[in-house]
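Novice: sharing a model that was predicted from the sequence below.
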Amino acid sequence: AQKVTQAQTEISVVEKEDVTLDCVYETRDTTYYLFWYKQPPSGELVFLIRRNSFDEQNEISGRYSWNFQKSTSSFNFTITASQVVDSAVYFCALSEGGYNTNAGKSTFGDGTTLTVKP
Amino acid sequence: EAQVTQNPRYLITVTGKKLTVTCSQNMNHEYMSWYRQDPGLGLRQIYYSMNVEVTDKGDVPEGYKVSRKEKRNFPLILESPSPNQTSLYFCASTLGLAGTNEQFFGPGTRLTVL
């Protein structure tokens, strides 16, 4: 069975601090996809990034960066120089690909609530 | 505008009164899915559909039904709602059959069952 663990329930930082959100996943499939979504206080769910299991390259997008390590089954998300607008709930998610019984299933972590104080 | 729409956005009902939450997408996506969001539990998948007339259970399907008669629509049916189905519900769609691309989410439906 697939599983996603976001051990940090809540994180509070002061503006301009760097912050890392942890995500650990479990899967038996060799083909899988990892995602991060953001849910701001307004409630909508916003896609941030998708990474497939064959691509371990880290990615940077502005102040956001992602570190994917298959050896530790982790897909961590770092916000550099955090801003108040980064305050949101962040979800890590896993979908399995390939021809297996879990194809189509999507598993989300419980989310990490990030509060950035001015 | 590419979007996923859900109706109603808010609903208060009573135990046992059948209800349907509609979901529609205009992106010609094959894959659609329903989630419920409860405090501290993240999003849990209720049902998903990889194409027309193809539906399957997610992690929490009990008490729910779905149908996929047309590609654009994926209604969620609660035949006999109970208070433990009070939750925030999201519909999502994505390109491809297996749900392995980014999902586009509807605005959510907040359901209260008294």
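Specialist: Ah, there it is. Numbers count the residues shown, from 1 in each chain, chains lettered A, B, ... in the order given.
Novice: please make it C-alpha for all contacts and neighbour counts, starting now.
Specialist: Will do.
Novice: tally of neighbours for whichever residue of chain A sits closest to chain B?
Specialist: Per C-alpha to the nearest C-alpha, residue A:110 is where chain A lies closest to chain B, at 3.8 Å. Residue neighbour count, defined by other C-alpha atoms under 10 Å in any protein chain shown, stands at 25 for residue A:110.
Novice: look up how far residue B:61 lies from the spatially closest residue to it that is not a sequence neighbour.
Specialist: Take residue A:110 and drop its neighbours on the chain: the residue closest to it by C-alpha to C-alpha, 6 or more residues apart in numbering or on different chains is residue B:42, 3.8 Å away. Distance of residue B:42 to residue B:61, given as C-alpha to C-alpha, to the nearest Å: 16 Å.
Novice: between these two, which one's more packed in?
Specialist: residue B:42 (22 against 17).
Novice: ok, the more buried one - contacts?
Specialist: A:91, A:108, A:109, A:110, A:111 (C-alpha atoms under 8 Å, 6 or more residues apart in numbering or on different chains).
Novice: wait, the second one sits on residue A:90?
Specialist: Pointing back at residue A:108 there. No: the criterion here is C-alpha atoms under 8 Å, and residue A:108 misses it with residue A:90 at 10.3 Å.
Novice: quick one, what contacts residue A:29?
Specialist: Applying C-alpha under 8 Å, 6+ apart, the residues near residue A:29 are A:96, A:97.
Novice: which strand or helix spans it?
Specialist: Using DSSP states H and E, residue A:29 sits in no helix or strand.
Novice: quickly list what residue A:12 is bridged to.
Specialist: Taking DSSP bridges as the rule, residue A:12 bridges to residue A:115.
Novice: now do the contacts for the residue nearest to the spatial centre of chain B.
Specialist: The centroid of chain B falls nearest to residue B:34 when counting by C-alpha atoms, centre = their mean (2.9 Å). Residues counted as contacts of residue B:34 (C-alpha under 8 Å, 6+ apart) are B:45, B:46, B:47, B:48, B:76, B:89, B:90, B:91, B:92.
Novice: can you name the two of those that are farthest apart?
Specialist: B:48 and B:89 (13.4 Å; C-alpha to C-alpha).
Novice: those two: who's more crowded?
Specialist: For residue B:48 and residue B:89, the more surrounded residue by other C-alpha under 10 Å is residue B:48, and the numbers stand at 29 against 25.
Novice: can you tell me how far that one sits from residue B:83?
Specialist: 23 Å.
Novice: do residue A:82 as well
Specialist: In terms of C-alpha to C-alpha, residue A:82 sits 39 Å off from residue B:83.
Novice: okay, the two: which has more neighbours?
Specialist: residue A:82 (22 against 14).
Novice: and the gap between that one and residue B:25?
Specialist: For residue A:82 relative to residue B:25 (C-alpha to C-alpha), the value is 34 Å.
Novice: go on, residue B:41?
Specialist: Relative to residue B:25, and taking C-alpha to C-alpha, residue B:41 is found at 26 Å.
Novice: these two: who's more crowded?
Specialist: Per other C-alpha under 10 Å, whichever of residue B:41 and residue B:25 has more neighbours is residue B:25, with 23 against 12.
Novice: beta-bridge partners for the more buried one, please?
Specialist: residue B:4.
Novice: OK, contacts around it?
Specialist: Applying C-alpha under 8 Å, 6+ apart, the residues near residue B:25 are B:2, B:3, B:4, B:5, B:72, B:73, B:93.
Novice: which one of those is nearest residue A:78?
Specialist: residue B:93 (27.0 Å).
Novice: ok but the closest one is inside a strand, no?
Specialist: Yes: under DSSP: H, G, I helix; E, B strand; the rest coil, residue B:93 falls within a strand.
Novice: sounds good, over and out.
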